[in-house]
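Asks: What follows is a protein structure lacking sequence information:
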């Protein structure tokens, strides 16, 4: 490869950040279509319309994204005449809505502006989409361009479901341990080295502000703790994602914690739990695998305090399902880019060991 590109996210944050839409969209066109979740669009509609008031931007329509980030839903949107007429796509909602919009914008070569309505993931600022089959099982990754700009309104996120911020904390807890673990055997060049180093600022704000942020979300209040956790979940982890992914050369964005999640998608109970909820348990499995038991116990205590799972009993998955979970995990990108010491048997064993450790921790 003679060159490579590094594209980092642009973002605005604040309760009045939608007023900046006209400024950042001024070079991209005048006709926008809003695509997103039904509830998400209803929550942002008034603020969006207020934000573009007095600008040249016209919203053609508000269109549901289809309910999941599948190629089929994306292709249906691409075929939609209103989407075809739009100059700009406004992607509104959570991770699956944002990922669907990134796919559509990339395939149509249209500019995308992202409006996350939950603090559950970094999808609104990353150049990766998690794509699923129609049955909800993981399909593959798709690599789009970044959104031109992301608008993070903490007032709207404070009004989102508590469970999504809670799961977002669980997902973000994986960023440091996975980036460090997956890159441990490699001599890192400039960009992935920066990404891995940035990952080391992702854990502590969650532990320091997490409980207070969740309380603020419960009370639907914008607080410093809420903003710090939201920035960690959306921006910090998103920066790491973009700097640690260069396919097909390297992938340090996620590892065994996400292998646990992808494995869970082929179990019946796995579909009853949120992505970040299961990843939080995967973090404990990874730290168990890596022998970092003091750090595992510190995060296990935090998980227990805020109700994230610490053993597979907590998410209804039985040990006799581990075999099929591992088979699914072994089809993932994370498994392909795993450190050389990771084997099927050792991965299975770390899940068993964490299940035992979590049960003992709950009994304290």
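Replies: Received the coordinates, thanks. Note that the structure is predicted; figures quoted are calculated from it, not measured.
Asks: only C-alpha atoms for contact and neighbour calcs from this point on.
Replies: Fine.
Asks: contacting residues for the closest residue to residue 48 other than its chain neighbours?
Replies: Among residues not flanking residue 48 along the chain, residue 18 sits closest, at 6.4 Å (Cα to Cα, 6 or more residues apart in numbering). Residue 18 makes contact with 47-48, 50-52, 151, 153 under the criterion Cα atoms under 8 Å, 6 or more residues apart in numbering.
Asks: And those residues, which of them are buried?
Replies: Buried members of the contacts of residue 18, scored by 16 or more other Cα atoms under 10 Å, are 47-48, 51-52, 151, 153.
Asks: doesn't residue 34 make contact with residue 91?
Replies: Yes: the pair residue 91 / residue 34 is scored as a contact, 6.1 Å apart, by Cα atoms under 8 Å.
Asks: Tell me which of these two has more neighbours.
Replies: Per other Cα atoms under 10 Å, whichever of residue 91 and residue 34 has more neighbours is residue 91, with 30 against 26.
Asks: The more buried one - that's part of a strand, no?
Replies: Yes: Residue 91: assigned to a strand according to DSSP: H, G, I helix; E, B strand; the rest coil.
Asks: thinking again about what came up before, make JSON lines out of the buried ones among the contacts of residue 18 and add pLDDT and distance to residue 178.
Replies: Rendered in JSON lines, the data for the buried ones among the contacts of residue 18 read as follows (pLDDT from 0 to 100; distance: Cα to Cα, whole Å):
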{"residue": "47", "pLDDT": "95", "distance to residue 178": "37"}
{"residue": "48", "pLDDT": "96", "distance to residue 178": "36"}
{"residue": "51", "pLDDT": "96", "distance to residue 178": "38"}
{"residue": "52", "pLDDT": "96", "distance to residue 178": "40"}
{"residue": "151", "pLDDT": "98", "distance to residue 178": "27"}
{"residue": "153", "pLDDT": "96", "distance to residue 178": "28"}
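Asks: ok, so of the contacts of residue 18, who is nearest residue 10?
Replies: The closest of the contacts of residue 18 to residue 10 turns out to be residue 151 (Cα to Cα; 8.9 Å).
Asks: Which neighbouring elements make contact with the strand or helix carrying that closest one?
Replies: Secondary structure assignment for residue 151, by DSSP states H and E: strand 149-152. Judged by 3 or more Cα pairs under 8 Å, 6 or more residues apart in numbering; DSSP states H and E, the packing partners of strand 149-152 are strand 11-13, strand 112-116.
Asks: wait, which of the ones you listed is closest to residue 228?
Replies: That would be strand 11-13 among the helices and strands packed on strand 149-152, by Cα to Cα, at 11.0 Å.
Asks: packing partners for the closest one?
Replies: So strand 11-13, by 3+ Cα pairs under 8 Å, 6+ apart, packs with strand 149-152.
Asks: Contacts for the strand it packs on next, please.
Replies: Contacts of strand 149-152 (Cα under 8 Å, 6+ apart): 9-14, 17-18, 24, 112-117, 124-125.
Asks: redo that, cut-off 10 Å
Replies: 9-21, 24-25, 90-92, 111-119, 124-125, 227, 230-231, 234-235 (Cα atoms under 10 Å, 6 or more residues apart in numbering).
Asks: same check, this time on stretch 206-217
Replies: Counting by Cα under 10 Å, 6+ apart, 154-155, 157-166, 168-170, 172-173, 204, 218-230, 232-233, 298-299, 302-303, 305-306 sit against stretch 206-217.
Asks: how far away is residue 10 from residue 149?
Replies: 5 Å (Cα to Cα, to the nearest Å).
Asks: and residue 330, what is it in contact with?
Replies: Contacts of residue 330 by Cα under 10 Å, 6+ apart are 259, 262-263, 324, 336, 338, 343-344.
Asks: Low-confidence stretches in the chain?
Replies: In the predicted model, the chain carries pLDDT under 70 at residues 1.
Asks: Just give me the residue right at the centre of it.
Replies: Nearest residue to the geometric centre of the chain (Cα atoms, centre = their mean): residue 121, 3.0 Å.
Asks: My understanding was that that residue contacts residue 94; is that so?
Replies: Yes: taking contacts as Cα atoms under 10 Å, residue 121 lies within contact range of residue 94: 7.6 Å.
Asks: out of the contacts of residue 18, which are inside helices?
Replies: 47-48, 50-52 (DSSP state H).
Asks: thought residue 347 was touching residue 255?
Replies: No: assessed by Cα under 10 Å, residue 347 is found out of contact with residue 255, at 11.4 Å.
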